[in-house]
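Asks: after the sequence you'll find the predicted model.
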Amino acid sequence: MSLTVPLAVDFWTAASKRRITRELRSLSFRKIALGGWASASFSLDRPLSVDAPEIAQYGDAIISDARSAKIVWQGRQEDPGRGSGSDGEIWRVNAMGPSAHLHDITRPAMYVDTLWTHWLRFFQSGASREDGIAEIIDGAVAAQDDQNMRLMAQGTAWAQNTIVGMKHSLLSETGQTLSRFSVSYDMGETDTDWNLEVALYPANSIELEVNFTTTAAAAARVVTTDFATGQYIVVLRIRQDNAVAQTPTANTWALVTGVRLRSILKDAAGADITTGASYGLNTILASEVVTDLLGRLLNKFDGPNATVTATTYAIEQLIYPDGVTAGQILDDLIANFEPTFRYGAYEWTDRFAASPLNRFEWVEWPTSVRYEADTSDGFDSPGSGDEIYNAVSVRWRDAAGRVRRTQRTQTVGILDDASLTREAWIDLGDEVNTANNAVQAGDSFLSEHGIAPNAGTLRVARRIKDLTAGGYVDPWEIEPGELIRVRNVLPSVDALNVTDRDAVTIFRVQAMEYDSSDNSARLELDSNPRAISSSLGLPARARRR
Amino acid sequence: MAHETEAECRLRFVDQIDATRAVRLDLNDSLSWFYTKEESDFGYPEMRRASSATMLRDGEHISASAYTNRVLTLGLIALGADDDEVAAQLELLHRELDRESNILEFKALTAQEPVFFRTFRTPPSAIRRLPTRLDTGDTAWKVIVPILAEPFAYGMKESLNFLFVDNNPAQGTYRQAIDLPAILGDVPTPARIILSPITSNRSLVYIAQRAHGTPAARTWFRQAESLTQGTDTSVQPNSGTMSGTGSNFSRTTFATITTLETRLTAFSFFGAESWENFGRYRVIVRVRKTTAGTAGDITLRASVAGVVGSIVDLPAATGPFLVDLGLFTVPTQPGPQYDFDGTPLSTADPTVICQASGASAGPDLDWDYVYLLPADEAFLIISGTFTGGDQAILDGPADSVYRGGATSVSAQNEFLSTSGGIPLLIPGQNNRLFALISVSTTDDQITTQTNIFFRYWPRYLFIRS
């Protein structure tokens, strides 16, 4: 096309709605695969002395296609600034896309907790015996996850209902409630005078009560089916249940070999999921976490109409006691568990609504090429072997709080041919720490680093093919999160039967930046899945050591 | 006078582009001012281009272009009995040139109509004294003024008085569409469109434009009852709130299949292969529910030429109302519209499918019509309430949409929300504008009528024909 660029720009606030296209001196916007519509920048030729009711912090900025009324980019105005110089009087307005809402709220969160470090011995006046033992011990077997809770009665004459135990109260800090608990246990003797119990608070209800038995067993309870909603403190204890005082033996102990606690999730509309059947496992899926975030934190996104593709990996441990944003959780889910997924927030789902919400999706990277372009307008493909690894060490903390390391390897032909071993280091911090999670995180990392990610750029200044929607699209219509086939690069018949990037001809479009001054889009190709925090310039979340 | 002037040429600063304009300064009144031909040049505006070129291919690709402002070079002679009289005239000139913006009227010697240039603040570039006239003793100074102006010259406002548009594709003179008469000018010009409801308010508007080919001769909508009826769908007897005569709508009962399923199919929507099928379209359907339900109890989805759109939830209201099922491209194959020699290439006639899901115990869905509104030239969506007294003004020259009366902008602080572009009227083409105007997003009545006023100022690269 060789006419003026048919984009229209509107600024909306409560005080005014105005089209400002004619005053624009420059326009650019950015979209990213991990996050969606990210940022935009406008500069306007306008006198500084004129009131501008349509420009205000958190006012809307909307860029639409004049030919079709399709919203090309939208977001909220931030940092309106004014300046005067040799170029005249200029207003500069930056805008943040809906992806910024992923970092609006910071909250602690607990999804699945297996950590012993969150259990503390408690003392209940008139009931607890100070000479009882409640501790976390290491097992005899040299397995990485072999920590246990030992509850043991000592001394003499334990009256009925005297107890010793430990308490878990992380949910009270996160503001969530319990959906499921499961315990595995073993006792030193078979004795009906002694019980192992799980009590929940604030209801003060005993939801598991088993007599001491030397037969190892396990039990699980779920919300609604087994216990009432609203519980957030879990107590594990042993209790003497005979009206006659009992003197414990050396085998009057219970060993809790595993405890799994899960919190209640929200559905995409924000309602608690209280059906017990929804919590049949000790693990959680990343897609369940995404849905929970939509209902819990992401109130600017259209949760009920969001696209959330189900994931498969069962996450064994996922907590954020120090506070986290939804965006950081999503980045963790992709980086550690589901590297083939991406997420983003985009246009309003109902532009006519009084308080419109943004469309959100959590989907897999496509396996078919959407765009076809060539290198005519500029192509830069540096390629680097610096991102190829055939091994990775994953640092994590086990349930007892000790630092662990899990090593994973893969075969990479070019490294093997060069007799090279390149090993990366991943720190999972304190939030995702089981051996299986570490394996998954390591394998996810290696899957993304078996081929040199081609951190190149492709400039597009003309219409290119869109094999999904059909026809051609203009540079500003190109969406990241898709695969692009670039012609005039090393040809390969494999490029016609693609299921993923090959970093030679097929690339992932990680980001797109459009500039109206030359009507071109600059596509960032491949590169490592970029966390939205780096795109927004936010500091990466510090992980507790 | 040694300089070649043109006495019958009109050149003057005026206050507006209108028949009632007042003259601020006549630069060719043959008394104090003379316009000289040999030193004047109206020129043409230059063009800025965004282009890209590499060593990978010959030539450059032009990705966008836009006219720049133009420079009107005027050679003027200021005449007076003495230098003081000339100075007084120069003072008038300087005042006009110093305005932030101004309007310069020009009518060539034998032209019927004038054109108007919208100028910007510009100083003269040269001034010199001419020899005193021997016969009259008058003093003369020559001034060269390179006036910066907008790229185009404008003609007088052209008006189409109100057109009575029915919100019914099957009835009325203007059935949701207006074919404009020949548009004057050299280049496209923005339209000023005023929407004035006859009765009640309006709060949802779709404006679309198609200005190539023969849009008046094409099919743009299909009545539901004329399409192939799908699962649980059948033609129904006449309803007064649906368009068309006789059996004029289709009903889907969801009796056997409640999930998304094909309910209506238009196998050849436009009726034939044609190069004019090429383009991008927005699918709009008019539907209603037999009873009020809950939001999302019925969902719709369209498919055009095999490409499936997004699922859209219907609101809780019964309607009828218009539903936007998204944008689609025809053809889906990325082929060109024109052959290399400029010959238009025929594009296949697309199949359009409408799908719906609902509950067998829930409300039934009635379909009135399916529109393929062109969305590849100009498309504007407006939401926000406007009335007959507080009209919706789509001000193309100002590139703004606002509410106002016949002669004033509204003082009310309720704003119209817009996305898309106000149509540019294309000279030398058949301009068809579509207008689907609803009372609200949940209420579309075929009986509503809207007066639509069109205004535009023709744009010329030089003088008008």
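Replies: Okay, I see it.

Asks: could you find the closest non-adjacent residue to the one residue in the stretch 351-465 of chain B that gets nearest to chain A?
Replies: Ranking the residues of the stretch 351-465 of chain B by distance to chain A (CB to the nearest CB) places B:Gly421 first, at 2.4 Å. Where you see a C-beta, it was placed from the backbone N, CA and C, and this is true even at glycine. Ranked by CB to CB, 6 or more residues apart in numbering or on different chains and with sequence neighbours excluded, the top spatial neighbour of B:Gly421 is A:Ala66, at 2.4 Å.

Asks: quick one: contacts for the one you found?
Replies: Contacts were defined as CB atoms under 8 Å, 6 or more residues apart in numbering or on different chains; by that measure A:Ala66 touches A:6-8, B:378-379, B:420-422.

Asks: okay, and the helix or strand of the chain with the least pLDDT?
Replies: All of this is about chain A. Across the helices and strands of chain A, the lowest-confidence element by mean pLDDT, DSSP states H and E is helix A:532-536, at a mean of 34.

Asks: wrong chain, I was asking about chain B
Replies: Counting by mean pLDDT, DSSP H and E, chain B has its least confident helix or strand at strand B:158-166, which shows a mean of 82.

Asks: what's the pLDDT at the closest residue to chain B within chain A?
Replies: Per CB to the nearest CB, the residue of chain A with the smallest distance to chain B is A:Ala66, at 2.4 Å. Among the per-residue scores, A:Ala66 shows a pLDDT of 95.

Asks: likewise for A:Thr13?
Replies: Model confidence at A:Thr13, expressed as pLDDT, equals 91.

Asks: and what of A:Ser527?
Replies: Reading off the confidence values, A:Ser527 has pLDDT 59.

Asks: buried ones in stretch B:68-83?
Replies: If you call a residue buried by 16 or more other CB atoms under 10 Å in any protein chain shown, then stretch B:68-83 has these buried ones: B:70-72, B:74-80.

Asks: same question but for stretch A:207-223, I mixed them up
Replies: Taking 16+ other CB under 10 Å as the neighbour-count basis, stretch A:207-223 is seen to contain the buried residues A:207-208, A:210, A:212-213, A:219-223.

Asks: for the residue nearest the centre of chain A, phi and psi?
Replies: Among the residues of chain A, the one closest to the centroid is A:Leu330, at 2.0 Å (CA atoms, centre = their mean). Backbone geometry at A:Leu330, expressed as degrees, to the nearest 10, gives phi -60, psi -40.

Asks: now do the same contact list for it.
Replies: Neighbouring residues of A:Leu330 by CB under 8 Å, 6+ apart: A:34, A:102, A:290, A:293, A:343, A:362, A:532.

Asks: ok, now which ones touch the third one?
Replies: Taking CB under 8 Å, 6+ apart as the criterion, A:Val290 is in contact with A:308, A:330, A:333, A:343, A:362.

Asks: name the element the closest residue to the first one other than its chain neighbours belongs to?
Replies: I take that to be A:Val308. Computed as CB to CB, 6+ apart, the closest residue to A:Val308 that is not its neighbour in sequence is A:Trp362, at 4.7 Å. Secondary-structure assignment from DSSP states H and E places A:Trp362 in strand A:358-364.

Asks: which parts of that strand are buried?
Replies: Of the residues in strand A:358-364, A:358-362 count as buried by neighbour count, 16+ other CB under 10 Å.

Asks: that older thread, count the residues that sit near the residue of the stretch 351-465 of chain B closest to chain A.
Replies: The local packing of B:Gly421 (other CB atoms under 10 Å in any protein chain shown) involves 26 other residues.

Asks: mind listing what it touches?
Replies: B:Gly421 makes contact with A:6, A:8, A:64-67, A:69, B:378-380, according to CB under 8 Å, 6+ apart.

Asks: in the stretch 251-400 of chain A, which spans are strands?
Replies: In the stretch 251-400 of chain A, the strands defined using DSSP state E, counting those that start in this stretch lie at A:253-263, A:284-285, A:307-308, A:314-315, A:318-325, A:341-348, A:358-364, A:369-373, A:379-380, A:391-397.

Asks: partner strands of the last one, with direction?
Replies: When pairing is defined by DSSP bridges, strand A:391-397 lines up against strand A:403-409 (antiparallel), strand A:423-427 (parallel).

Asks: what residues of the longest one count as buried?
Replies: Of the residues in strand A:403-409, those buried by neighbour count under the rule 16+ other CB under 10 Å are A:404, A:406, A:408.

Asks: with stretch B:402-415 instead?
Replies: Using 16+ other CB under 10 Å as the burial criterion, the residues of stretch B:402-415 that qualify are B:402-404, B:410, B:415.

Asks: just the residues you listed that are near chain A?
Replies: For chain A, the contacts drawn from the buried residues of stretch B:402-415 by CB under 8 Å from any CB of the partner chain are B:Phe415.

Asks: which of the buried residues of strand A:358-364 sits closest to A:Ile163?
Replies: Set against A:Ile163, the nearest of those by CB to CB is A:Trp362 (44.6 Å).

Asks: interface residues of the stretch 301-450 of chain A facing chain B?
Replies: A:304-305, A:351-352, A:372, A:375-378.

Asks: out of those residues, which is most surrounded?
Replies: Among these, A:Asp377 has the most neighbours (other CB under 10 Å), with 24 neighbours.

Asks: up against chain A, what does the stretch 101-250 of chain B have?
Replies: Residues of the stretch 101-250 of chain B that fall close to chain A, judged by CB under 8 Å from any CB: B:Leu204.

Asks: so where's the stretch 101-250 of chain B shaky on pLDDT?
Replies: B:134, B:162 (pLDDT under 70).

Asks: relative to chain A, which residue of it is the closest?
Replies: B:Leu204 (7.0 Å).

Asks: from B:Gln449, how far off is that residue?
Replies: With distances defined as CB to CB, to the nearest Å, the gap from B:Leu204 to B:Gln449 amounts to 16 Å.

Asks: equivalent analysis for A:Gly270, please.
Replies: Distance, A:Gly270 to B:Gln449, using CB to CB: 43 Å.

Asks: so which residues of the chain form helices?
Replies: You didn't pick a chain, so chain A it is. Taking DSSP state H as the criterion, chain A carries its helices at A:170-174, A:286-296, A:326-336, A:413-417, A:435-448, A:532-536.

Asks: correction: the question concerned chain B.
Replies: Using DSSP H, the helices of chain B run over B:83-98.

Asks: tell me the pLDDT of the residue nearest to the centre of chain A.
Replies: A:Leu330 is assigned a pLDDT of 96 by the prediction.

Asks: swap in B:Ala7?
Replies: The predicted structure scores B:Ala7 at 60 on the pLDDT scale.

Asks: same deal with the one 4 residues further on?
Replies: Predicted confidence (pLDDT) for B:Leu11: 94.

Asks: show me where pLDDT drops low in the stretch 351-500 of chain A?
Replies: Going by pLDDT under 70, which is the cut-off in play, the stretch 351-500 of chain A has low-confidence ranges at A:382-385, A:430-432, A:453-455, A:490-500.

Asks: return the backbone torsion pair for B:Asn201.
Replies: Dihedral angles of B:Asn201 (phi, psi; degrees, to the nearest 10) stand at phi -90, psi 170.

Asks: and it, what is it in contact with?
Replies: Neighbouring residues of B:Asn201 by CB under 8 Å, 6+ apart: B:385-387, B:439.

Asks: please consider this matter closed, and thank you.
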